[in-house]
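1. fold the following and give me the result.
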Amino acid sequence: MNKHETPPLSPEELERYARHIVLAEIGGPGQQKLKRARVLVVGAGGLGAPVLSYLAAAGVGTLGIIDDDTVSLSNLQRQIIHATENIGQTKAASASAAIERLNPHVRVETHALRLDEDNARRLVAAYDVIVDGSDNFATRYAVADACAAEERPLVTASVGRFDGTLTVLMPYSRDETGQPNPSYCDLFPAPPPEGMVPSCAEAGVMGALTGVLGTLEAMEVIKLVTGVGEPLVGKLLLYDSLATRFETIHYRHHG
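-> Next comes the predicted model:
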């Protein structure tokens, strides 16, 4: 994480984050790491909404939001950071206002644009950890390539109608055996043919499902920032909501 100087936790912050601070694995030092962390969230939609909410509540010092879309009525079934009165606003601005209401100690940087191959590296380089909450393969590949090039950990998830997946990518580093950690292309060598995967609007999605996967993404970010636990590097978590079943599969760098 960044080593730049961060002011000590104020009395109000000590009370706000008291339940973190009493955790031996987090404590004051871990909360300070959260305070000085810079996390970029790609997409303020179904996945991004819980990611942003929980990272703001956790005290991440700076949250970047990338989204070029506006809030629509059909978003509100799952994108819980937005409200009815936000319809028509940009998602970046709506999410920023919600974070301000939740935790005024968090600084928000909005990027009302679409991440692509041309701007991805510049955007990614300004943050410590990146979270992918996008809904299309072009963005997922672009952000994964940029994170690999800029050596930034990437927490990425996707959802179907009733199922979802989650993993953490750090292909610029090596595992305990000395082997390179896998990349996004090791997991998904090529995007599916155009039209093969229906959009959310076409297929539908269970609203609470995005909450489950987005919250898990936030948990992985907190682990990466504070150094607690074992992130999902080289492991793909699969969640089947209808069967209430979690499975983890291991995958490797293919060279």
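2. what about the helices in the stretch 151-255 of the chain?
-> In the stretch 151-255 of the chain, the segments counted as helices under DSSP state H, counting those that start in this stretch are 184-187, 200-203, 207-226.
3. can you say which of those is nearest to residue 193?
-> Smallest distance to residue 193 across the helices of the stretch 151-255 of the chain (Cβ to Cβ): 15.4 Å, for helix 200-203. All C-beta spots, glycine's among them, are computed from the backbone N, C-alpha and C.
4. before we move on, the earlier item: most packed of the helices of the stretch 151-255 of the chain?
-> Stretch with highest mean neighbour count among the helices of the stretch 151-255 of the chain: helix 207-226 (a mean of 22; mean count of other Cβ atoms under 10 Å).
5. show me how far it is from its chain's centre.
-> 7 Å (Cα atoms, centre = their mean, to the nearest Å).
6. now for it, which elements pack on it?
-> helix 27-36, helix 48-58, strand 129-132, strand 154-159, strand 163-169, strand 235-240 (3 or more Cβ pairs under 8 Å, 6 or more residues apart in numbering; DSSP states H and E).
7. got the angle between it and strand 154-159?
-> Counting by axes from the mean of the first three to the mean of the last three Cα atoms, to 10 degrees, helix 207-226 lies at 170 degrees to strand 154-159.
8. what angle do helix 207-226 and strand 163-169 make?
-> Using the same axes, to 10 degrees: helix 207-226 against strand 163-169 is 10 degrees.
9. which stretches of this structure have low pLDDT?
-> Within the chain, the segments meeting pLDDT under 70 span 1-4, 195-196.
10. tell me the centre residue of it?
-> Centroid-nearest residue in the chain, with Cα atoms, centre = their mean: residue 131, separated by 2.8 Å.
11. which residues does that residue bridge with?
-> Per DSSP bridges, residues listed as beta-bridge partners of residue 131: residue 41, residue 155.
12. ok, now which ones touch residue 251?
-> Going by Cβ atoms under 8 Å, 6 or more residues apart in numbering, residue 251 touches 182, 186, 187, 234, 235, 236.
13. how about JSON lines for those, with distance to residue 138 added?
-> Formatted as JSON lines, those follow (distance: Cβ to Cβ, whole Å):
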{"residue": "182", "distance to residue 138": "21"}
{"residue": "186", "distance to residue 138": "19"}
{"residue": "187", "distance to residue 138": "16"}
{"residue": "234", "distance to residue 138": "25"}
{"residue": "235", "distance to residue 138": "25"}
{"residue": "236", "distance to residue 138": "21"}
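14. hmm, which two among the residues you listed are most spread apart?
-> Using Cβ to Cβ, these span at most 12.3 Å, a distance reached by 186 and 235.
15. can you put the helices of the stretch 151-255 of the chain in CSV and add distance to residue 73?
-> Shown next, in CSV, are the helices of the stretch 151-255 of the chain (distance: least, Cβ to Cβ, whole Å):
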stretch, distance to residue 73
helix 184-187, 33
helix 200-203, 13
helix 207-226, 13
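16. out of those helices, which comes closest to residue 9?
-> Here helix 207-226 is closest among these (Cβ to Cβ), at 14.2 Å.
17. residue 26 is in contact with residue 226, isn't it?
-> Yes - assessed by Cβ atoms under 8 Å, residue 26 is found in contact with residue 226 at 5.8 Å.
18. check contacts around residue 39.
-> Contacts of residue 39 by Cβ under 8 Å, 6+ apart are 55, 60, 62, 63, 64, 127, 128, 129, 130, 131, 221, 225.
19. to clarify, my last question referred to residue 180.
-> Residue 180 touches 171, 173, 174, 253, 255, counting by Cβ under 8 Å, 6+ apart.
20. now, which of the residues you listed sits nearest residue 80?
-> Among the contacts of residue 180, residue 171 lies closest to residue 80 (Cβ to Cβ), at 32.0 Å.
21. check contacts around that closest one.
-> Here residue 171 is in contact with 148, 180, 181, 182, 183, 184, 186, 253 (Cβ under 8 Å, 6+ apart).
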